[in-house]
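> Give me a 3D structure for the following:
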Amino acid sequence: MADTNFDSLFARLRRFPDVEAANLQAWDATDRLLLDTVREMQAAGLLQPGGRLAVVGDRYGALTLGALTLDSVGTVAPAVRVHQDLITGERALRANAGALDLDTGFEQLPLGERLLEGASLVVLQLPRSLAELEEIADAVARYAAPDVVLLAGGRVKHMSLGMNAVLARYFEDVQPQLARQKSRLLLARRPKPVADAPPFPVTEVNEELGLTVCARGAVFAGTGLDIGTRFLLDFLPRMPHAAHAVDLGCGTGILAAMYARANPGARVTATDRSAAAVDSALATARANGLEDRIDVLQDDAMSSLPAGSADMILLNPPFHLEAAVHSGAGIKLIEAAGTVLAPGGELWTVFNSHLHYRPALERLIGPTREVGRNPKFTVTASTRRP
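Down below sits the predicted model:
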């Protein structure tokens, strides 16, 4: 199975069950650079022989399965521990591993002690968010072996000096490496002592909403209120009461908490594909005394919710897939809403007006009316047809 250029491995990887399209692929040049560098460092004797390897941020399995391929020629430890924030990434890794007969050499774990304990090498696809990078860096410094090497890579256009600064707060030695194929690595060694308690989740009171918001590092907008959600909340008094409402793509759970507060008899499910978002939404519900009325669920587009089980769905869909502006993720969520909504139930959606979601809403849900519009966003209400 060994392939010095990883071409045969990468060619067989799929993104499924995540959105797939001609301009989207399951690996990038950073995956290749990270794997090549691991092999080169091992060959040069710069890594501990037989040391434990942890992978963080593997999108669809390229890093984990590539490491197992290296293992077949004796360059990394047999067991790879991996953390992926998105459930779609977890499922894609398992599917790709099954297709490649590599499904027994890795263990999927949350970000924390079990993932990193004793790790002498941590391979990281750099996140976009500095807050997420800080949470990862703290965890590596806190739990990994004292002689750990953190090898972090990203696309040059998405990297910043702020990343170096974050790593320098947790490691004595941070060395930027030369760029290759528009990707670059940061190598960090010698972890510094960390505070008694991990810095995440962050908790902040939003005075505008009168709501305590909790956020893990990987959650979009952190403890802040993104402008799309703020606009959708303007219409909260006009939304119908539902016995069961869903905050789809819940992030920190602001929509779920605000809907539950405004509708005391409603049961609310806050769901997201991100583990960090689900943890944050649960913490937000608890911080506001709403944990007995808000169920929190990590899932891919409500795949585990029964058809026709919701009377109301709130949705602020993403409009990016990694670096690409792409409506596929939003369409996938709208299609799922058409299944989970009961006949006569409503989907309230806020979206960037230029994305023109309305035809999809009409087709996949039912009659759709514009509730509000400002210079950037449109809010619609769609009624599930019988």
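
> Would you tell me which strand is longest in the chain?
strand 341-352 (DSSP state E).

> Give me the buried positions along that one.
When burial is assessed from 16 or more other Cβ atoms under 10 Å, strand 341-352 yields the following buried residues: 341, 342, 345, 346, 347, 348, 349, 350, 351, 352. Placement of C-beta: from N, CA and C, glycine included.

> cool, stretch 40-54 as well?
For stretch 40-54, burial by neighbour count (16+ other Cβ under 10 Å) applies to 41, 42, 47, 51, 52, 53, 54.

> how close does the second one get to residue 334?
What that stands for is residue 42. Noted for residue 42: a distance of 47 Å to residue 334, by Cβ to Cβ, to the nearest Å.

> Please apply the same query to the fourth one.
As defined by Cβ to Cβ, residue 51 lies at a distance of 46 Å from residue 334.

> circling back to that earlier point, tell me the one of the buried residues of stretch 40-54 nearest residue 177?
Distance to residue 177 across these (Cβ to Cβ) is lowest for residue 41, with 10.8 Å.

> nearest residue to that closest one other than its sequence neighbours?
Distances taken as Cβ to Cβ, 6 or more residues apart in numbering put residue 47 closest to residue 41, at 5.0 Å, once the chain neighbours are dropped.

> now do residue 308
residue 342 (4.4 Å).

> The one you found touches residue 384, doesn't it?
Yes - Residue 342 lies in contact with residue 384 (Cβ atoms under 8 Å); the separation is 6.6 Å.

> could the buried residues of strand 341-352 go into JSON lines alongside pLDDT?
Output for these, formatted as JSON lines (pLDDT from 0 to 100):
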{"residue": "341", "pLDDT": "98"}
{"residue": "342", "pLDDT": "98"}
{"residue": "345", "pLDDT": "98"}
{"residue": "346", "pLDDT": "98"}
{"residue": "347", "pLDDT": "98"}
{"residue": "348", "pLDDT": "98"}
{"residue": "349", "pLDDT": "97"}
{"residue": "350", "pLDDT": "97"}
{"residue": "351", "pLDDT": "94"}
{"residue": "352", "pLDDT": "91"}
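
> how about the helices in the protein?
Applying DSSP state H to the chain gives helices spanning 7-11, 29-43, 62-71, 87-99, 113-116, 130-143, 161-170, 227-233, 254-262, 275-287, 328-340, 358-364.

> closest to residue 180 out of the ones you listed?
helix 29-43 (5.6 Å).

> Give me the neighbour count for residue 36.
17 (other Cβ atoms under 10 Å).

> Tell me the confidence at it?
Confidence at residue 36, expressed as pLDDT, is 93.

> Could you do residue 7 as well?
Value listed for residue 7 in the pLDDT field: 85.

> Surely residue 20 touches residue 14?
Yes - between residue 20 and residue 14 a contact is recorded at 6.8 Å, counting by Cβ under 8 Å.

> In strands, which of the buried residues of stretch 40-54 appear?
52, 53, 54.

> so who does the second one touch?
Counting by Cβ atoms under 8 Å, 6 or more residues apart in numbering, residue 53 touches 67, 76, 77, 79, 80, 81, 119, 120, 121, 122, 123.

> Which strand residues bridge it?
When bridges are called by DSSP bridges, residue 53 pairs up with residue 80, residue 121.

> gap between it and residue 130?
Separation of residue 53 from residue 130 (Cβ to Cβ) stands at 25 Å.

> Surely residue 38 and residue 46 touch.
No - taking contacts as Cβ under 8 Å, residue 38 lies outside contact range of residue 46: 10.0 Å.

> can you count the residues close to residue 383?
By other Cβ under 10 Å, 16 other residues sit near residue 383.

> Return the residues in contact with it.
So residue 383 contacts 344, 345, 346, 365, 366, 367, 368 (Cβ under 8 Å, 6+ apart).

> Can you give me every residue that contacts residue 175?
186, 187, 188.

> do that again at 10 Å, thanks
164, 167, 185, 186, 187, 188, 189 (Cβ atoms under 10 Å, 6 or more residues apart in numbering).

> got a list of what the second one touches?
Contact analysis of residue 167 by Cβ under 10 Å, 6+ apart lists 124, 126, 133-134, 136-137, 140-141, 150, 152, 173-176, 186-188.

> can you rerun that using 8 Å?
Shown in contact with residue 167 (Cβ under 8 Å, 6+ apart): 133, 137, 150, 152, 174, 186, 188.

> got it, and the fifth one?
Listed by Cβ under 8 Å, 6+ apart, the contact partners of residue 187 are 149, 150, 151, 152, 174, 175, 176, 177.
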